[in-house]
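J.: sequence first, then the predicted structure, then my questions.
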Amino acid sequence: MCGDIDEHACVDEELFDRFIALASLYGVSPAVRATDGPTALSGEVVRAGYMDTLFKDGLSRALSDGVNLPEGERMDALAGQAIVFARLAGFLAGMFPPEADQFRTVVAALTQGHSEPAEIV
């Protein structure tokens, strides 16, 4: 039951339950992972490390899938992957109420990511 003290936690759970329900429409359900202790993604430093790892995991998957394609098909696959990851980012941002303004944050991250290859080169 939601009270004044745990209103944030209640909203968090309601939104996440909605996320689980919507993800299930795509045949996706959460994996249950055994841990030695409580999940520690609530700390800012730990969460930043997790986000870096998640980025690298997605990048690694895109790279590995592309390198295993025949020459001449790799960049078409890369374009499709970019669209799929953008769709996923939009889907995740869509889990939040409009006042959270996650869409603007996602667009800013998309713009930053788009400029990174040119900056690196």
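T.: Yep, that arrived.
J.: quick one: buried residues of the helix or strand of the chain with the lowest mean pLDDT?
T.: Lowest mean confidence among the helices and strands of the chain (mean pLDDT, DSSP states H and E): helix 7-24, at a mean of 89. By 16 or more other Cβ atoms under 10 Å, the buried positions in helix 7-24 come out as Phe19. Any C-beta I mention is one placed from the backbone N, CA and C, and that applies to glycine too.
J.: ok, and what's touching the helix or strand following that helix?
T.: Counting by DSSP states H and E, the next helix or strand C-terminal to helix 7-24 is helix 44-67. For helix 44-67, contacts defined as Cβ atoms under 8 Å, 6 or more residues apart in numbering pick out 40-41, 74, 77-78, 81, 85.
J.: narrow these to just the buried residues.
T.: 81, 85.
J.: in helices, which of the contacts of helix 44-67 fall?
T.: 74, 77-78, 81, 85 (DSSP state H).
J.: export those residues to a markdown table and append columns for distance to Gly66 and pLDDT.
T.: As requested, the ones in helices among the contacts of helix 44-67 are exported to a markdown table (distance: Cβ to Cβ, whole Å; pLDDT from 0 to 100):
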| residue | distance to Gly66 | pLDDT |
| --- | --- | --- |
| Arg74 | 5 | 96 |
| Ala77 | 5 | 96 |
| Leu78 | 6 | 96 |
| Gln81 | 8 | 97 |
| Phe85 | 13 | 96 |
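J.: looking at those, which is nearest Phe19?
T.: Phe85 (17.5 Å; Cβ to Cβ).
J.: pick out the residue closest to the middle of the protein.
T.: Central residue of the chain (Cα atoms, centre = their mean): Ala89, 5.8 Å from the mean position.
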